[in-house]
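A.B. asks: Quick one: sequence and predicted model below, then my questions.
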Amino acid sequence: MPDTPTANDLPNAPAAERNFEPILAALRVEFVGCRRVLEIGSGTGQHAAGFAAAMPWLEWQPSEMPGQLESIRLWQAASSLPNLSDPLEIDVASASVPAGYDAGFSANTAHIMSEYHVERLFRLMGRALYPAGVFCLYGPFTEAGRFSTESNRQFDERLRLGDPKMGIRAIERVDEFAERAGLSRRRRYAMPGNNLLLVFERAA
């Protein structure tokens, strides 16, 4: 493999390609006045590279679980963006992140985390964000005890068969975790694929 990887060398998640533009449109609105973004669960790293390129006024800080940073580093090397930081190892169950960010982002993480870890994710964001900072959480959710579509119900069933701790989270439960961490949900964006982008704000 060459020192600087080419597009063919890079790990690629089809879902991240499909949802990139809709998420970007919302983030351009929510992050317009922000400077530093902490992303939790950067996965392949393609979102981080793409969003950093599309929003050059932001310093984008990707992160992943310990031992899972190589893919992100490949995207970072290929993009050569000055505003894409070296990835951090962050396990939401135990990480301590000092305040230093005015924005946070996480995509397709809540339903593959346990409910305990989702609560810890919000606690981490409550510490990492400056007052009035925003946190955008993307993924599928239930509301009033109902799935938005039959396909989401089936997806939830598959997740729980694989690991009973996984599953599509209830918006009401997510809001509860946010409130405990000093954040409140302000807006929501409908996204393709029966997903939502939820926007939380830390108390000023």
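C.D. replies: All right, it came through fine.
A.B. asks: Could you use CA atoms for every contact and neighbour count after this?
C.D. replies: Noted.
A.B. asks: Which parts of the protein are helices?
C.D. replies: Under the criterion DSSP state H, the chain contains helices at 14-30, 46-54, 70-79, 115-128, 150-162, 171-180.
A.B. asks: Least reliable of these by average pLDDT, please.
C.D. replies: Per-stretch mean pLDDT for the helices of the chain is lowest at helix 14-30 (a mean of 91).
A.B. asks: Also compute the angle for it relative to helix 46-54, please.
C.D. replies: Using axes from the mean of the first three to the mean of the last three CA atoms, to 10 degrees, the inter-axis angle of helix 14-30 relative to helix 46-54 is 40 degrees.
A.B. asks: Against which helices or strands is helix 14-30 packed?
C.D. replies: With contacts taken as 3 or more CA pairs under 8 Å, 6 or more residues apart in numbering; DSSP states H and E, helix 14-30 sits against helix 46-54, strand 183-191.
A.B. asks: Work out which residue lies at the spatial centre of the protein.
C.D. replies: By CA atoms, centre = their mean, the chain has its centre lying nearest to S106, at 0.8 Å.
A.B. asks: ok, it - contacts?
C.D. replies: Applying CA atoms under 8 Å, 6 or more residues apart in numbering, we find S106 in contact with 39-42, 136-138.
A.B. asks: for L124, same thing?
C.D. replies: L124 neighbours (CA under 8 Å, 6+ apart): 92, 95-97.
A.B. asks: From the residues you listed, pick the one nearest A110.
C.D. replies: Lowest distance from A110 to the contacts of L124 (CA to CA) belongs to V92, with 11.5 Å.
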